[in-house]
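Student: When you get a sec, could you give me coordinates for this:
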Amino acid sequence: MQDEANGLKRLLLDSVSDGSTLGRTLFNERGDVLLRRGALLNRRYIESLRDRGFRSLYIADGPDDDLAPDEIVSEHVRANATASVHRFLNVVATARLDRRSGASAERTMSEEAARALITRVASLRSVVESVIDEVLQANNLPGLTELKTHDNYTFCHSIEVTITAIMIGRELHFDRAALRELAMGCILHDVGKMFIAPQILNKPGRLTKEEMELVKSHPGAGYRFLRGFQPDAYLINHVAYQHHERQDGTGYPRGLTGQNRIGREGRSGRGEMLLIAEIAAVADVYDALSSDRPHRPGMAPDQVVEMIRSMAGTHLNREVVNGFLSIVPAYPVGSAIHVTEGSFTGFCGVVVNLNTQRLDRPRIRLDRDRSGRRIDPFEIDLVWEPLTQIAIILFDRELRQAG
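Tutor: Numbering: from 1, shown residues only. Next up, the predicted model:
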């Protein structure tokens, strides 16, 4: 029987055993901590997480379990941000129901719900300032997104997209005011999903044509809703409207195009995407591909980075993607990896350090040979080993295949 690879691994919930160490803190939809990183899992915890909708967990395993990417947003700020998004969307849900119930409800929306929405947006702006403060101090993204459930996906996704977009905006030399607009646009970008039935958004199988059309209506629904109570927030509202548009014009809802560059003024020409929305599009795809969804598990960080690279120029703004690639490690610190090419093909180990100039070529520590036997650990700097290629072991089944 071969040994387990050390490092931070993402295990399907069915494969998590009693006594495993949680590798990343888990939050609920209100921003409350469910379990902190380092918690020892037992069967009761595991079943409770299953009931809450978690499909996989990050597990810290072996002597390298202290190797984990630093969180760039503190637990306190993340919890406040998640709770603020949750409260805002609760008001959206109330306003949505009011608007459906007749003419008198329209007056309720304009007088009471609109005031509540404005109050909640003010709270979001305060939270966004704290997020910006912390993100601006980080060197790069950790490369591991938060695990989500059906219940907290929209809330946590909004926060993750916001964090990633701020990092990209910083890389593109946005000033504080521009970062603020970008962050607010991202934290509100999926508000239109509140107008779609949860059973459609969380459907585990393939959507019907009619269901897909409903899902594709959320950018327009979100834009119209936001414009209804903050008509002057042009850029923020258009992030919701445009984040599913594509550079080649094949996106939705309006088939806008992009210029694949960043050197232009705030407002684009007719039929073109705004730069702020192009950044949001990259951040949105990054977190969506990384996340477990009802119809598929999340992809490994190296696979996500490669997928986004392949989408540059057609789906995503090429220059924005270049900025993204300069701050997002394909192989996060602490990740369990196996060697796929080179002298040590089949060996397994863990990522121990990043090379800031080459995030795709980290320093690794190998501790298991191609036969699965434990060996004395040794390190390799991939910057100096161009023929050596690695891949992340995301799920336990990949560990068995690697051995």
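Student: Distance from the chain centre to stretch 87-96, please.
Tutor: Centre-to-centre, stretch 87-96 and its host chain are 23 Å apart (Cα atoms, centre = their mean, to the nearest Å).
Student: Show me where the stretch 51-200 of the chain has its strands.
Tutor: 56-61 (DSSP state E, counting those that start in this stretch).
Student: all helices of it, in order?
Tutor: Here the stretch 51-200 of the chain has its helices, by DSSP state H, counting those that start in this stretch, at 75-100, 103-108, 114-135, 153-171, 176-187, 198-201.
Student: of those helices, which approaches G228 most closely?
Tutor: Smallest distance to G228 across the helices of the stretch 51-200 of the chain (Cβ to Cβ): 7.5 Å, for helix 114-135. Heads up, the C-betas are built off the backbone N, CA and C, glycines and all.
Student: buried set for that closest one?
Tutor: 114, 116-117, 120-121, 124, 127-128, 130-132, 134-135 (16 or more other Cβ atoms under 10 Å).
Student: Tell me the pLDDT of G143.
Tutor: pLDDT recorded at G143 is 62.
Student: Equivalent analysis for D3, please.
Tutor: 43.
Student: What of S74?
Tutor: Listed pLDDT for S74 reads 86.
Student: Now do the nearest residue to it once chain neighbours are set aside against S48, distance only.
Tutor: Once flanking residues are discounted, S74 sits nearest to E134: 6.2 Å by Cβ to Cβ, 6 or more residues apart in numbering. According to Cβ to Cβ, to the nearest Å, E134 stands 30 Å off from S48.
Student: contacts for stretch 307-324?
Tutor: Residues from elsewhere that reach stretch 307-324 (Cβ atoms under 8 Å, 6 or more residues apart in numbering): 164, 168, 171-172, 246-248, 250-251, 258-262, 273, 275, 278-279, 281-283, 285-286, 289, 299, 325.
Student: Quick one: mark the members of those residues that sit in helices.
Tutor: In helices, judged by DSSP state H, the following of those are found: 164, 168, 171, 275, 278-279, 281-283, 285-286, 289, 325.
Student: where does stretch 32-40 sit relative to the chain's centre, distance-wise?
Tutor: 20 Å.
Student: thinking again about what came up before, now, of the helices of the stretch 51-200 of the chain, which is deepest in the fold?
Tutor: Mean neighbour count (mean count of other Cβ atoms under 10 Å) peaks for helix 153-171 among these, with a mean of 25.
Student: got the CA positions of that one in CSV?
Tutor: What follows is helix 153-171, C-alpha atoms only, in CSV (Å, rounded to 0.1, in the frame of the first residue of the first chain):
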residue,chain,number,x,y,z
TYR,A,153,-22.3,30.2,-3.5
THR,A,154,-23.7,33.6,-4.6
PHE,A,155,-22.4,35.3,-1.4
CYS,A,156,-19.0,33.8,-1.4
HIS,A,157,-18.6,34.0,-5.2
SER,A,158,-19.2,37.7,-5.0
ILE,A,159,-16.5,38.2,-2.5
GLU,A,160,-14.0,36.0,-4.4
VAL,A,161,-14.7,37.8,-7.6
THR,A,162,-14.2,41.1,-5.9
ILE,A,163,-10.9,40.1,-4.3
THR,A,164,-9.5,38.8,-7.6
ALA,A,165,-10.7,41.9,-9.6
ILE,A,166,-9.0,44.3,-7.1
MET,A,167,-5.8,42.4,-7.5
ILE,A,168,-6.0,42.6,-11.3
GLY,A,169,-7.0,46.3,-11.1
ARG,A,170,-3.9,47.0,-8.9
GLU,A,171,-1.7,45.2,-11.4
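Student: Next, the angle helix 176-187 makes with that helix.
Tutor: Inter-element angle recorded for helix 153-171 and helix 176-187: 160 degrees (by axes from the mean of the first three to the mean of the last three Cα atoms, to 10 degrees).
Student: tell me the mean pLDDT over helix 153-171?
Tutor: Helix 153-171 comes out at a mean pLDDT of 90.
Student: So M167 is in contact with S326, correct?
Tutor: No. Using Cβ atoms under 8 Å, M167 is not in contact with S326, being 9.8 Å away.
Student: about what we covered before: gap between the residue nearest to S74 and V239?
Tutor: In terms of Cβ to Cβ, E134 sits 21 Å off from V239.
Student: what does H315 give?
Tutor: Using Cβ to Cβ, one gets 17 Å for the distance from H315 to V239.
Student: can you check F27 too?
Tutor: F27 is 24 Å from V239, by Cβ to Cβ.
Student: Pick out whichever of the two has more residues nearby.
Tutor: Neighbour totals were compared for F27 and V239, and V239 leads with 33 against 24 (other Cβ atoms under 10 Å).
Student: pLDDT check: weakest of the buried residues of helix 114-135?
Tutor: A114 (77).
Student: who's in contact with that residue?
Tutor: Residues near A114 by Cβ under 8 Å, 6+ apart: A95, G228, F229.
Student: where along the stretch 301-403 of the chain do the strands fall?
Tutor: Under DSSP E, counting those that start in this stretch, the stretch 301-403 of the chain gives strands at 336-341, 348-355, 358-368, 374-381, 389-392.
Student: Make a markdown table from these and add mean neighbour count and mean pLDDT to it.
Tutor: As requested, the strands of the stretch 301-403 of the chain are exported to a markdown table (neighbours: other Cβ atoms under 10 Å; pLDDT from 0 to 100):
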| stretch | mean neighbour count | mean pLDDT |
| --- | --- | --- |
| strand 336-341 | 20 | 93 |
| strand 348-355 | 22 | 90 |
| strand 358-368 | 20 | 93 |
| strand 374-381 | 13 | 95 |
| strand 389-392 | 21 | 94 |
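Student: among those, which is nearest N90?
Tutor: Once these are compared by Cβ to Cβ, strand 389-392 is nearest, at 36.8 Å.
Student: which of the ones in helices among the contacts of stretch 307-324 has the most neighbours?
Tutor: Counting neighbours by other Cβ under 10 Å, I279 comes out on top of the ones in helices among the contacts of stretch 307-324 with 31 neighbours.
Student: right, and that one touches I166 too?
Tutor: No. With contact defined as Cβ under 8 Å, I279 does not reach I166; the gap is 9.3 Å.
Student: Identify the contacts common to the two.
Tutor: Residues touching both I279 and I166 (Cβ under 8 Å, 6+ apart): L182.
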